[in-house]
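Peer 1: Just need the structure, nothing else, for what follows:
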Amino acid sequence: HLSWHLTPHPVAALLPSPARGEGACHNNCGNTQSLINVKNLKTYRLNVLTTSKKAAFTLAEILITLGVIGIVAAMTIPTLINNYQEKVTVTKVKKMYSTLNQAVKLAEVDNGPVSTWDLPQMTTGGSQKLYSYLKPYLKVAKECVEDNSGNCLDMSVTRTLLNGTAWQSSLYYGGSGYVRVILADGSLLWFRTNVEDTAKFCYEVDGDYSDICGVFFYDVNGNSAPNTLAKDAFIYQLRPSGVYPTSNSTCYLNGGGWSCSKWILENDNMDYPATKPTK
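Peer 2: Residues are numbered from 1 along each chain as shown. Predicted structure coming up:
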């Protein structure tokens, strides 16, 4: 007769003992119980080692999920890009406004008030003289002569007003009498003195002002698209008291967009009204 001396596995302690009358033992109960524990232990171990099925996505489910993500991205990314571009443009318009005002104030320290600069009417000499006052305070990367032989302006580019009509390039930025420079950040600045009177400086009338000394045209990204007034091109006016945004009431989507620099400075956005506001 073999005697078993096995120490029950801890797990065996959790297994139920045989009930009385159902294979209960007396003298050899310990040995029988040990055999039962070993048998149950083996069963427990096999159950633990059995690999269970885990939940997983099917290929179809993955493709559907990717499709939904793609649709959402297609709907939201263009809006995010437009919002980002708008913020960049708004920031540059505000920065140029500050830069021009600072340049004028510093030039006045060295040359006296703007009203005493005595700049001739919109001519080669007049605009170049204005530039000579402001040049030390502008970060200029490239200068162009007034006939544009320096190629600051790409004359093959179609420039438009906000409502989509053509912008008269020969008059507003291609003709003589303008100074043209490319700034260090790649933006384009071209400007002229007043055009109203050959004998009086700071006499031009435009919009709400009658004392305009000169006009600045600013394109935030140079010759790159869209080359549209109020989208990437903006206007400022030089007066004896400083630089101001153009005051014409034409900043609406079906208008020219001449005064949208003023809209941006006042509203900090490019959400132009669809039609001319009524007073």
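Peer 1: Need the distance between the two termini of stretch 265-272.
Peer 2: Chord length of stretch 265-272, first to last residue, is 12 Å (CA to CA, to the nearest Å).
Peer 1: Could you do stretch 189-209 as well?
Peer 2: The first residue of stretch 189-209 is 22 Å away from its last residue (CA to CA).
Peer 1: Any stretches of the chain with poor pLDDT?
Peer 2: Judged by pLDDT under 70, the chain has its weakly predicted residues at 1-55, 80, 121-124, 145-150, 168-176, 196-200, 277-279.
Peer 1: what about the helices in the stretch 1-150 of the chain?
Peer 2: 29-49, 59-111, 124-134 (DSSP state H, counting those that start in this stretch).
Peer 1: Tabulate those helices (CSV), appending distance to residue 151 and mean neighbour count.
Peer 2: (Glycine included, C-beta is placed from N, CA and C.) As requested, the helices of the stretch 1-150 of the chain are exported to CSV (distance: least, CB to CB, whole Å; neighbours: other CB atoms under 10 Å):
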stretch, distance to residue 151, mean neighbour count
helix 29-49, 79, 13
helix 59-111, 22, 13
helix 124-134, 18, 19
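Peer 1: can you tell which of these is closest to residue 233?
Peer 2: Between residue 233 and these, the tightest spacing by CB to CB is seen for helix 59-111, at 10.1 Å.
Peer 1: For the closest one, enumerate the helices and strands it packs against.
Peer 2: helix 124-134, strand 214-219, strand 233-239, strand 242-245, helix 260-267 (3 or more CB pairs under 8 Å, 6 or more residues apart in numbering; DSSP states H and E).
Peer 1: Quick check: the gap between residue 210 and residue 161.
Peer 2: Using CB to CB, to the nearest Å, we find residue 210 at a distance of 24 Å from residue 161.
Peer 1: When those two are compared, which one has more neighbours?
Peer 2: In this view residue 210 and residue 161 are compared by other CB atoms under 10 Å, and residue 161 has more residues nearby, 19 against 12.
Peer 1: Quickly find the element holding the nearest residue to the more buried one once chain neighbours are set aside.
Peer 2: Spatial nearest neighbour of residue 161, excluding adjacent residues (CB to CB, 6 or more residues apart in numbering): residue 256 at 4.4 Å. Assigned by DSSP states H and E, residue 256 falls within no helix or strand.
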